[in-house]
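Student: Generate a structure from the sequence data that follows.
(chains A and B)
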Amino acid sequence: MARPAQAARTWHTRRPRRRLSQYQDGYRHAYLGEVAEPVIDGVQGALREYYGAKEGPPIASTLDHIVAAVAG
Amino acid sequence: MYGTLRGALAGRKIAFDRESYKATVEGRIVGIGKTIRIWSIHVHYDLAVPPDAVEATDRALAVHVQGCPAHQSVKDAIRITWDATLRAGRPYGYRSGGGPCRFRLGFQHDRAEGRSALPGRASVRPDGRAGRSA
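Tutor: Predicted structure coming up:
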């Protein structure tokens, strides 16, 4: 299907699938589509304080991933 | 946005320096009600191009967000801005390929506005050797 020239017109592409989300060791593991390795959402920095999370390795949060994905 | 701009530059045959091409992003997270949300995202590009490609680069910068799926997906919910440091001088070679994009993220707590505000920074580089930042 050819892509319309006008940006305002909607067109459909494949539906992104989030296969499974599960918690392991307190962090959410999201398996996306056909990718074997999960995306891990955790906490770090001030978010750890905000959520009152216990000590642990810094893991990028959901919001971290959104910010990086938009910029990337 | 970073990848879309890269594609816009390559599509225009602009011989930008792929090694120094970098984007730094700052996400501002604020408290709203009983939760937090991403309030704004600002992207800063560092880009080096040959002198004769400045005008074409300006055009690519001006239109790149229109072709960015991620920007189009969230622009109505998150205020997204960008600027660029464009260096024009010596000619740069055109090289294809490049490693996976890496980024750096970090949050600081900002109490100056009397609310939870957590600016984050990410440095997206094509060389795949970025480390963590404060």
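
Student: For B:R59, what is the enclosing helix or strand?
Tutor: Using DSSP states H and E, B:R59 sits within helix B:54-63.

Student: Going C-terminal from that helix, what's the next secondary structure element?
Tutor: Downstream of helix B:54-63 (by DSSP H and E), the next one is helix B:69-74.

Student: For the helix holding B:R59, give the mean pLDDT please.
Tutor: For helix B:54-63, mean pLDDT is 94.

Student: Can you show me the CA trace of it as PDB?
Tutor: The C-alpha trace of helix B:54-63 is given here as PDB (Å, rounded to 0.1, in the frame of the first residue of the first chain):
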ATOM      1  CA  VAL B  54      24.300  23.900   5.200                       C
ATOM      2  CA  GLU B  55      21.100  24.900   3.300                       C
ATOM      3  CA  ALA B  56      20.100  21.400   2.600                       C
ATOM      4  CA  THR B  57      20.800  20.500   6.300                       C
ATOM      5  CA  ASP B  58      18.600  23.300   7.400                       C
ATOM      6  CA  ARG B  59      15.800  22.000   5.300                       C
ATOM      7  CA  ALA B  60      16.300  18.500   6.600                       C
ATOM      8  CA  LEU B  61      16.200  19.800  10.200                       C
ATOM      9  CA  ALA B  62      13.100  21.800   9.500                       C
ATOM     10  CA  VAL B  63      11.100  18.900   8.200                       C
END
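
Student: which helices and strands sit right next to that helix?
Tutor: helix B:2-11, strand B:35-49, strand B:79-88 (3 or more CB pairs under 8 Å, 6 or more residues apart in numbering or on different chains; DSSP states H and E). Yep, even glycine has a C-beta here, placed from its N, CA and C like the rest.

Student: Can you give the contact residues for it?
Tutor: B:5, B:8-9, B:12, B:14, B:16, B:45, B:47, B:49, B:82, B:84, B:86, B:88 (CB atoms under 8 Å, 6 or more residues apart in numbering or on different chains).

Student: now with 6 Å?
Tutor: By CB atoms under 6 Å, 6 or more residues apart in numbering or on different chains, the residues outside helix B:54-63 that reach it are B:A8, B:L9, B:R12, B:I14, B:V49, B:A84, B:A88.

Student: need the contact list for the second one.
Tutor: Under the criterion of CB under 6 Å, 6+ apart, the neighbours of B:L9 are B:F16, B:A60.

Student: Give me the neighbour count for B:W82.
Tutor: The tally of other residues near B:W82 (other CB atoms under 10 Å in any protein chain shown) stands at 19.

Student: Could you spell out the sheet neighbours of the least confident helix or strand in chain A by mean pLDDT, each with its direction?
Tutor: None of the helices or strands of chain A scores lower by mean pLDDT, DSSP states H and E than strand A:18-24, at a mean of 72. If you go by DSSP bridges, strand A:18-24 pairs up with strand A:27-32 (antiparallel).

Student: May I see the buried residues of the partner strand?
Tutor: Using 16 or more other CB atoms under 10 Å in any protein chain shown as the test for burial, strand A:27-32 gives A:Y27, A:R28, A:A30, A:Y31.
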